[in-house]
Structures are given as C-alpha cells and as structure tokens.
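Engineer: below are the sequence and a predicted model; questions follow.
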Amino acid sequence: MASLEKTSFEKTSFEKTSTASHLTSSIRLPQAIALYIGSVLGSGILIVPGLAAHIAGPASLLSWGLMTMLVLPMALVMGLLSARYPDAGGVSSFVSRAYGTKAGTLVGWFFLMSVPIGAPVAALTGAGYMTAAFGLGDGARIVIAALMLAVSLFINVFGMKLAGSVQIVVVSVIVLVLILAISGSFPHMEARHFTPFMPEGWISVGQSAAILFWCFIGWEAVSHLSEEFVDPKRAAVQGVTVAAIIVGVLYFLTALATVGTHSYGGSGSDVSLLLVIEKLLGPAGAVIAGLTGMFICTATVISYTGASSRLAYALAREGKAPAWMGKMSSRFQTPVGGLGFLAGCFVLVLVLYGTGAVSLTTLITLPNATFILTYLGGCAAGIRLLKGQRWGRTVSWLSFILTAAVFPFVGWAILYPLVICGVYFLVSIGRKNKAQA
C-alpha cells in the first residue's frame, strides 16, 4: 500500500537509527506493576480531588465513581494491546497497525507533545507540596521541580531496569502513606460536608469528570515500554489489572476523604491531600505530605520520561521524527536522543512558568485534549486489533464510548491538538514535495 511506503527521507532516517542499537528486555512483572501505578497514581491524586470538589462539591464523588469504573477497561485495552504487540511506539504503533502509518504517527505526536508539558506540571505539583509544607516561595518550587525532572532524566539514561526498581520502592512508600492518610481521615469526616450534595448542578459533574481524566492517564505511557518487557503477555495484562484495581480504589477513597473532611476550597484546593494529612497528624503531617507529594510526582515523571523518550526513538526509527531523536547510548542502550529532546522542552516550560508567561492551570489544561485523543486512538485500535480476543473488543468499545463522552468538556484545550495537526500536515506536504523534486 502506498500509505505504508517510506519516502527517501524516511528511509535515510531509519537507516541512521535502526542500525545503531536496540532496546533491551529487562522489565519483569513487579517492575511493570510499579511502573503502571507510578504512571497513573501521580500528580492527579495530589491536586485533582480538591479541584474537582471545588467545581462540583460532594457531587464530584459521582465523577470519581464514573472514572473508577472506566479505569479498568481503559487499562485492559492498553494491557491487551501491549501483550499482543509489544513495541516502543506504544499507542502510535497500535494505531498504525489498525489504521495506517499516517494516523499512527499523528497519535504518536499527540502523546510526544503532551509529555513535555505534562511532566513539568507533575514536577511543579510535587514541588508545590514541598513548598507548602515548608513555607517556601515560588522560586524554590521551580528549583525543586527542576531537580525532580533532572533526576528522572538521569535515571532513564541508565535504563528501565534501574527505573523499575526505583519505582517499586517509591510506589510502595506512596501506597503506604495514602492508606494511612485515608484510614486516619475517617474519624474526621462529618455528614454536613456532604450537603448540599450537588451545589452547582449536573453540568459540574461533567466538568469535574473532564479534569479527573488527568488522574487516569498513564496506562498508555507504559505501552511504550512494552518492547522491554521480559514476558509481555504476563507483565502487560496481569500488571495492568493489579495496578488498575489499586489505583481506582486509592483515588476514590482519597476523594472521599477530601470531601468528607472538607479539605478543599480557595487556595487549599491544589494541596488537598496535604490538608487531609495535616488534619490527621498536625504540622508533622504537612512535612510527610510534602515529601510524599514530591515522591509521587517523581515516580510519575520517571515513567512518562521513559515512555516518551522511547516513543521519540520509535518515531525516529520509522523516519517519522528527526533522526537525532533516535540516538541511543552505546553503553546503556537507552534513547538519549529522546531524553535530550525532553530536557530541552522541560527547560522551556519551566522558564515560561517562572517568568509568569503561563500559569499552572493553563499548563494542566493544555495537554488534556491530546491525552484524551491518544486514548481514543488506542481504544479505536483495540476495536480492530482485538477482534479475536475474549473481551478485547468489548472493553475497547466501552473505553472508546466513555472516553469520547468526556472529550467535549476539554473546552479551549482542543486548540493544542489542532496546532499539532496543522504542523504535522505542513511538514508532511513539505517532505512530499521534497521527495518529488
């Protein structure tokens, strides 16, 4: 088929990258579970319960219930596809198999251009918890966020075996602290905090659900690491199932604790978990919450940095990204070209935030549409690729419909993927004209 043929530019790029080296299989089931949890149980649990409650009040729990039911089929689609088609291209490669390379490449760029914004948002969120706990200013927040991003890039240079091992330790500490915080908050819950239940009407439930989507992105990130699974079928399906159950329960209970103790509203909405723990343990609780927030977000950034650098490598390998993005470390067999691209983007985003050119709210909103479109592409690919697999097509359709229902609430953020589409098609036309010249 013509759509599957490479141009001379693409062939040259492929030759430059594919002959260099390859990714090494080193991720086992425990590491896969930790990477899944670390990808999903990230900055969302720190910032979104309070923001959702601020938008919809106690009715935000309905949004959490809806998204908790959505999380398992969403996760299973990504797990089943990763098990059947392990590839560093992740969702991009799934869409390419199902609908052609043009669609797959576009979805790949949606994800690749989401992480340079999403990772700094996660780092700034974790750093915000630290500065709130220790009474530091915004300058310290930027410095801490920069250190978190640097650590994540550094760990990924050494490979996913190290990153997965670090994730096991970090995620174990995170889950323990969350369980203690949730269980300790129950005696402080009051019935009056649940009334009025729906102060802003039904529309607020949809609006809060759109924000909640930020909490449940991450399953697609680990799909980009599937090429490095030692046993893709076991690590992908079992790993994603265990992680989805743990994440869904922890998110809902954290939201319940936030609403039940009324740990939100005003300036406290973006540090709701800190308020919950502080009410339980006093000033010492704020310090614990600050450190927990930093570790949670670092775990997320490690996973996303690893995923997007692998995607950059995969796109370059197929001639769909500049060849330098496919550069590999000869010593560690890791995609240092993709990591270099991310490092530059991280610096740019932090500079824009530090100068006041963009707010954290804008940065949170901006990649929402591209993340949702990435999921829609993955679910659509599952509908076509998982036809012969038990439950595969059913969960793909269910995930597609529920995710599509959330998309209209992204608002102005739709402009970001439209810009990416415009740039992609202009570059494609330029390459086509160059090839014909």
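Structural biologist: Thanks, I have it.

Engineer: all contacts plus neighbour counts: C-alpha atoms, from now on.
Structural biologist: Fine.

Engineer: so which residues of the stretch 151-300 of the chain form helices?
Structural biologist: 160-185, 202-216, 219-223, 232-260, 272-281, 283-317 (DSSP state H, counting those that start in this stretch).

Engineer: wait, isn't S308 in contact with H224?
Structural biologist: Yes. Using C-alpha atoms under 8 Å, S308 makes contact with H224 at a distance of 7.4 Å.

Engineer: those two: who's more crowded?
Structural biologist: Counted by other C-alpha atoms under 10 Å, S308 and H224 do not tie: S308 has more neighbours, with 31 against 28.

Engineer: tell me how far the spatially closest residue to the more buried one that is not a sequence neighbour lies from L76.
Structural biologist: Spatial nearest neighbour of S308, chain neighbours left out: L112 (5.7 Å); criterion: C-alpha to C-alpha, 6 or more residues apart in numbering. The gap separating L112 from L76 is 22 Å, by C-alpha to C-alpha, to the nearest Å.

Engineer: what of G118?
Structural biologist: Taking C-alpha to C-alpha as the measure, G118 falls 23 Å from L76.

Engineer: cool, G411 as well?
Structural biologist: 28 Å.

Engineer: equivalent analysis for A413, please.
Structural biologist: From A413 to L76 the distance is 27 Å (C-alpha to C-alpha).

Engineer: quick one: low-confidence parts of the chain?
Structural biologist: Scanning the chain for pLDDT under 70 picks out 1-26, 42-44, 46-47, 160-163, 213-214, 265-276, 278-281, 437.

Engineer: spatially central residue for it, please.
Structural biologist: G218 (3.7 Å; C-alpha atoms, centre = their mean).

Engineer: need phi/psi at it.
Structural biologist: phi 140, psi -30 (degrees, to the nearest 10).

Engineer: who's in contact with it?
Structural biologist: Contacts for G218 (C-alpha atoms under 8 Å, 6 or more residues apart in numbering) come out as Y36, S39, V40, Y304.

Engineer: swap in 6 Å and give it another go.
Structural biologist: S39, V40 (C-alpha atoms under 6 Å, 6 or more residues apart in numbering).

Engineer: and G164, by the same measure?
Structural biologist: Residues near G164 by C-alpha under 6 Å, 6+ apart: Q31.

Engineer: how does it look with 10 Å?
Structural biologist: In this structure, G164 makes contact with 26-36, 38, 155-156, 170, 299, 302-303, judged by C-alpha atoms under 10 Å, 6 or more residues apart in numbering.

Engineer: picking up where we left off before, columns distance to A191 on top of the helices of the stretch 151-300 of the chain, output as TSV?
Structural biologist: Output for these, formatted as TSV (distance: least, C-alpha to C-alpha, whole Å):
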stretch	distance to A191
helix 160-185	13
helix 202-216	20
helix 219-223	35
helix 232-260	7
helix 272-281	16
helix 283-317	24
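
Engineer: for F332, which of those is the nearest?
Structural biologist: helix 160-185 (10.0 Å; C-alpha to C-alpha).

Engineer: how about the closest one: buried residues?
Structural biologist: 160-161, 163-168, 170-171, 174-175, 178, 181-182, 184-185 (16 or more other C-alpha atoms under 10 Å).

Engineer: also stretch 305-315?
Structural biologist: T305, G306, A307, S308, S309, R310, L311, A312, Y313, A314, L315.

Engineer: over to stretch 68-87?
Structural biologist: Neighbour count says stretch 68-87 has 68, 70-87 buried, by 16+ other C-alpha under 10 Å.

Engineer: and it, how far from the chain's centre?
Structural biologist: Remark: stretch 68-87 is offset 14 Å from the chain centroid, using C-alpha atoms, centre = their mean, to the nearest Å.

Engineer: can you tell me how far E318 is from A83?
Structural biologist: E318 is 21 Å from A83, by C-alpha to C-alpha.

Engineer: same deal with T261?
Structural biologist: T261 sits 41 Å away from A83 when distances are taken as C-alpha to C-alpha.

Engineer: same deal with H262?
Structural biologist: From H262 over to A83 the distance is 42 Å, taken as C-alpha to C-alpha.

Engineer: also F252?
Structural biologist: 28 Å.

Engineer: so who does I117 touch?
Structural biologist: Listed by C-alpha under 10 Å, 6+ apart, the contact partners of I117 are L342, C345, F346, L348, V349, L350, L363, I364, T365, L366, P367.

Engineer: and the first one, that one's in a helix?
Structural biologist: Yes. Assessed with DSSP: H, G, I helix; E, B strand; the rest coil, L342 lies in a helix.

Engineer: and it, how many residues sit next to it?
Structural biologist: Around L342 there are 25 residues (other C-alpha under 10 Å).

Engineer: again, but for the fifth one
Structural biologist: Neighbours of V349 under the rule other C-alpha under 10 Å: 19.

Engineer: before we move on, the earlier item: what is in contact with S308 and H224 at once?
Structural biologist: Taking C-alpha under 10 Å, 6+ apart as the contact rule, S308 and H224 both touch A88, G89, G90, A314.

Engineer: the last one reaches T334, doesn't it?
Structural biologist: No. With contact taken as C-alpha atoms under 10 Å, A314 and T334 are classed as non-touching, separated by 11.9 Å.

Engineer: between the two, which contacts overlap?
Structural biologist: The contact lists of A314 and T334 share G326, where a contact means C-alpha under 10 Å, 6+ apart.

Engineer: on that earlier part again, quick one, which of the helices of the stretch 151-300 of the chain is nearest to S60?
Structural biologist: Closest among the helices of the stretch 151-300 of the chain, once you apply C-alpha to C-alpha, is helix 202-216, at 5.9 Å.
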